[in-house]
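[1] I'd like to go over a predicted model; first the sequence, then the structure.
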Amino acid sequence: MRPRIKKVRLDGKGKELYEEETLSEQVYLRLLDELKSGTWEIGQHLNEKRIAESLHVSRTPVRWALKRIADSGLLEYDKNLGYRVKLITEKDVREIYKIRKALEILAFQEAALHMTDEDYRQIRAIVEASRQAVAEEDLGRLMMLATRFNKRVYEAARMPRLVLVQMELQSVLWSFRSLSFEAAISRRELAVEEHAQLLEAMHRQEVDRIPELISIHLSRSQSYILQVLQEKFDAATEASTNALISFAQAQEKGKGGLSGN
């Protein structure tokens, strides 16, 4: 991996300033993308050496990147077992959605009061692009657009500190969206149409209607995620049980072979 140039900011005269991305930053962003895209399964243990070899880098930037991701709460670390993708529990899901509901009701109501025509035009374009992504079954683009939809609504609320709070949840929310969108296309279609309903309610400044729409939208999303997590847990349990049975049968067979001699 080679350092590449990225735009970082504008100076006081509006001139673009650039800097090189460090190797460690590149590795961090690459691994974060791997996590967000669902390449790593929930509960999967991560091998630093294998990751480093696959990226053709030393283990140092990989170790730094994994620690940084773990600090954000997406990985767990054990001194004997190393890093693994954090297991999401039912309690985690319910807590995050309770926080998300409170934040989004506030953000969407404030956006309804402060949204400009340009805000509405841009957010409506995101909804239309999302419909197209659903039609094309482009899951990666749909997840990106869902994130962009929420970001633009929070910006339209004209509450910068609320945006900062919401950004803290983005990594976790991306994992939830991945679970929510990965299987049923009906869920993706419904989520996009719920976004469309919220947008129109904001545009008409129907502030009192927004909490109900948010509650319905997030309740459906939460229920689906809990269902997917249960299915993953059941599959993992079955695989573990089958592995134990196979091991026991192999041991038993080995004993039989010894006694026959």
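    Alright, I've got the coordinates. The structure presented is a predicted model; accordingly, all values stated were derived computationally and were not measured.
[2] make it CA atoms for all contacts and neighbour counts henceforth
    Fine.
[3] for the one helix or strand residue 222 maps to, what is the average pLDDT?
    If you go by DSSP states H and E, residue 222 is part of helix 210-260. Averaging pLDDT along helix 210-260 yields 75.
[4] let's have the chain start at 18 instead
    Got it, the first residue is 18 from now on, which makes the last one we talked about helix 227-277.
[5] any idea which element the nearest residue to residue 49 once chain neighbours are set aside lies in?
    Closest residue to residue 49 apart from its sequence neighbours, by Cα to Cα, 6 or more residues apart in numbering: residue 86 at 7.2 Å. Using DSSP H and E, residue 86 maps to helix 76-88.
[6] can you pull the contacts of residue 117?
    Under the criterion of Cα atoms under 8 Å, 6 or more residues apart in numbering, residue 117 has no neighbours.
[7] could you give me the average pLDDT of the helix or strand where it lies?
    According to DSSP H and E, residue 117 maps onto helix 107-131. Helix 107-131 comes out with an average pLDDT of 93.
[8] Please point out which parts of it sit buried.
    110, 114, 117-118, 120-131 (16 or more other Cα atoms under 10 Å).
[9] Please apply the same query to stretch 156-164.
    Neighbour-count burial for stretch 156-164 [16+ other Cα under 10 Å]: 156, 158-160, 162-163.
[10] Likewise for stretch 63-77?
    So stretch 63-77, judged by 16+ other Cα under 10 Å, has buried residues 63, 65, 68-69, 74, 76.
[11] Out of the buried residues of stretch 156-164, which sit inside helices?
    156, 158-160, 162-163 (DSSP state H).
[12] mind putting these in TSV, distance to residue 190 included?
    TSV is the format used below for those (distance: Cα to Cα, whole Å):
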residue	distance to residue 190
156	15
158	15
159	14
160	10
162	13
163	10
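[13] Looking at the residues you listed, which is nearest residue 48?
    residue 160 (17.4 Å; Cα to Cα).
[14] What separation do you get for that closest one and residue 240?
    18 Å (Cα to Cα, to the nearest Å).
[15] Which strands and helices lie in contact with the helix or strand where residue 166 lies?
    Residue 166 belongs to helix 156-173 when assigned by DSSP H and E. Contact here means 3 or more Cα pairs under 8 Å, 6 or more residues apart in numbering; DSSP states H and E; on that basis helix 156-173 packs against helix 107-131, helix 134-152, helix 177-185, helix 187-198.
[16] average model confidence for the last one?
    So that's helix 187-198. 66.
[17] what element comes up after that helix heading to the C-terminus?
    That would be, after helix 187-198 and using DSSP H and E, helix 202-220.
[18] list the helices and strands that next one packs on?
    helix 107-131, helix 134-152, helix 187-198, helix 227-277.
[19] ok, back up a step: which other residues reach the helix holding residue 86?
    40-42, 44-45, 48-49, 65-66, 68-69, 92-94, 100.
[20] hmm, 7 Å instead?
    Applying Cα atoms under 7 Å, 6 or more residues apart in numbering, the external contacts of helix 76-88 come out as 41, 44-45, 65-66, 69, 92-93.
[21] swap in stretch 175-189?
    Residues beyond stretch 175-189 that count as contacts (Cα under 7 Å, 6+ apart) turn out to be 131, 171-172.
[22] With stretch 151-160 instead?
    Contacts for stretch 151-160 (Cα under 7 Å, 6+ apart): 147, 150, 194, 205-206.
[23] rewinding a little: the helix holding residue 117 vs helix 177-185, what angle?
    Compare the direction of helix 107-131 with that of helix 177-185 by axes from the mean of the first three to the mean of the last three Cα atoms, to 10 degrees and you get 150 degrees.
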